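> Provided below for reference: sequence and predicted model.
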Amino acid sequence: MFIENEVFLIFRKGQVLQIKIVHTIAILVIFTNSMVIPQSIGSYAKENNKLSISCGAVGIELKLCNAAVEIWSKNNGVKVEIIPTPNSSAERMAMYQQILANQSNDIDIMQVDVVWPRLLSAHTIDLHEYDPDAGKGHFREIIQNNTVDDKLLALPWWTELGLLYYRKDLLKKYHFSLPSTWEEMRTTAKAIMEKERAAGNRNIWGYVWQGRNYEGLTCNALEWLVSYGGGTIVDNDGKSTINNQQAVKALQMAASWIGDITPKGVLNYDEEESRGVFQSGNAVFMRNWSYAWALLQSKDSPVRDKVGVVVLPKGGANGNHTSTLGGWNLSVSKYSKNPRLAVDLVKFLTNPAQQKLRAMYAYNPTYPQLYEDTELLEINPFFSIIKQALSKAVFRPSARVDEYYNRLSYQFWSAIHNILSGEKDPGFALLRLENSLNHIKRHHGRL
């Protein structure tokens, strides 16, 4: 499959290059067409020659999936249908739940969020039943996240994590070092913001992030809590850890930013709103996922070549640098009529060669060795930061709370939003949240 007239931005030695996708896909075709397809798969495919997969909604994500699927399809003689899915994560999950509740085989392979393996565990197969070596070589922590009751329910496709973006030109201009703690970040952000406003940039703010009442706020707030040693919402046994003084301190800190170094509008920001403010030149620091790097360095970006990336600050001198882990995986429906073929396609799409190709388009791989690949390091100069952040990443507690994660996250982000907006006192809000979480635990055995 050749995708013509599409260009994507990649980076080499500080320069932005426009590379036609057709070139890379052509190389991939040459490489993968030379692969030897196991005879067992080939003979089985002749009798069971149809699969379906959901693997992206729009843009380069969908194009890369289409190209890779077509290669596997051609080599195996299997027709593969790409099932359109909503771009919204919540809407995609609702679509899956409806299909799976009917035990439908409409989708054999599902692209699943990092917090979904346990939520969908009743409807997905154990990949180890078809390949005991499945999952080897990936980051161990992601495989652990995707393993439920000793069953590997998804293979990692790419990973995301929160990072601190900063205006390196402004830090240099005003002689500031990179902040190590949240307190240092606030001091630096405020000082530069005030100096820039005095110089005429009245719209600049110190720090933007994701404060809307949604899952992104759960990710931001979890980073604050862990950085201050304030727990991970619940522990490994599902017991609430939220009501403690370090958690209160972390949330008081975040609430104090609003109206000071952070615009009040942040309470309605998601990833793209915060990126829009930062990319327009109107913020000194930004918390966002690693996807933002490519967009910030695009040809028409006002902050191109002015941005640096580091791990998120820690909560004081004795705190922790951390980042909430995101990313996507591939699972096979237990209602698939062709699970053996589906597993083979999942293994192909998630193998190191495929992930190296995707890494050229800003999809962070899940194989540690790819972060030391010289070609990828030339294209993605911040890969060393990504690897460092991955070693300190924290998972949202979906694996600890069974199918009740969505309810937990909703209650968590709602309580945090009330604190940030000034509607609730942090101590009171966390006490109420603890009571709510413990109520669920009492009635369901686990959260």
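Perfect, I can see it now.
> Excluding covalently adjacent residues, which one is nearest to Leu437?
Ser240 (4.3 Å; C-beta to C-beta, 6 or more residues apart in numbering). Backbone N, C-alpha and C define where each C-beta goes, glycine included.
> typo on my end, it should be Tyr96
Using C-beta to C-beta, 6+ apart, the closest residue to Tyr96 is Met110 (5.9 Å).
> ok, back up a step: pretty sure the residue nearest to Leu437 is touching Leu431, no?
No - checked against C-beta atoms under 8 Å, the pair Ser240 and Leu431 is beyond contact range at 10.4 Å.
> pLDDT weak spots in this protein?
Counting by pLDDT under 70, the low-confidence segments of the chain come to 1-48, 441, 443-447.
> Strands of the stretch 301-447 of the chain, start to end?
In the stretch 301-447 of the chain, the segments counted as strands under DSSP state E, counting those that start in this stretch are 307-310, 323-332, 393-394.
> just the ones you listed: most buried one?
Mean neighbours per residue, mean count of other C-beta atoms under 10 Å, is largest over the strands of the stretch 301-447 of the chain for strand 323-332, with a mean of 25.
> per-domain residue ranges of this protein.
7-153+328-391, 162-322+394-444 (automatic domain parsing).
> Assumed Cys65 was part of a helix.
Yes - Cys65: assigned to a helix according to DSSP: H, G, I helix; E, B strand; the rest coil.
> Quick check: chain neighbours aside, which residue is closest to Ile99?
Asp106 (5.4 Å).
> Spit out the contact partners of the one you found.
Counting by C-beta atoms under 8 Å, 6 or more residues apart in numbering, Asp106 touches Ser52, Ile83, Ile99.
> Can you get me a residue count around the last one?
Meaning Ile99. By other C-beta atoms under 10 Å, the residues close to Ile99 number 19.
> which element is it on?
Element membership for Ile99, per DSSP states H and E: helix 89-101.
> Ile53 contacts Pro84, doesn't it?
No - using C-beta under 8 Å, Ile53 is not in contact with Pro84, being 11.1 Å away.
> quick one: which of the two has more around it?
Set Ile53 next to Pro84 and count neighbours by other C-beta under 10 Å: Ile53 wins out with 23 against 10.
> Check the spacing between the more buried one and Ala134 real quick.
When C-beta to C-beta, to the nearest Å is the yardstick, Ile53 and Ala134 sit 17 Å from each other.
> Please name the bridge partners of the residue nearest the centre of the chain.
For the chain, Gly326 is the residue whose C-alpha lies nearest the centre (C-alpha atoms, centre = their mean; 2.7 Å). When assigned by DSSP bridges, Gly326 has beta-bridge partners Glu160.
> Quick one: neighbours of Asn203, just the number.
By other C-beta under 10 Å, 12 other residues sit near Asn203.
> Please identify the helix or strand for it.
Using DSSP H and E, Asn203 sits within no helix or strand.
> Excluding covalently adjacent residues, which one is nearest to it?
In this structure, Asn203 finds its nearest non-sequential neighbour in Asn282, 4.8 Å apart by C-beta to C-beta, 6+ apart.
> still on that earlier bit, more crowded one of Ser240 and Leu431?
The neighbour comparison of Ser240 against Leu431 (other C-beta under 10 Å) goes to Ser240, with 21 against 15.
> can you give me the strands in the stretch 101-250 of the chain?
For the stretch 101-250 of the chain, the strands defined by DSSP E, counting those that start in this stretch occupy 109-113, 147-148, 151-152, 155-167, 205-208.
> Tell me the strands beside the last one, with direction?
Translated: strand 205-208. Strands flanking strand 205-208 in the sheet, each with its direction: strand 283-289 (parallel) (DSSP bridges).
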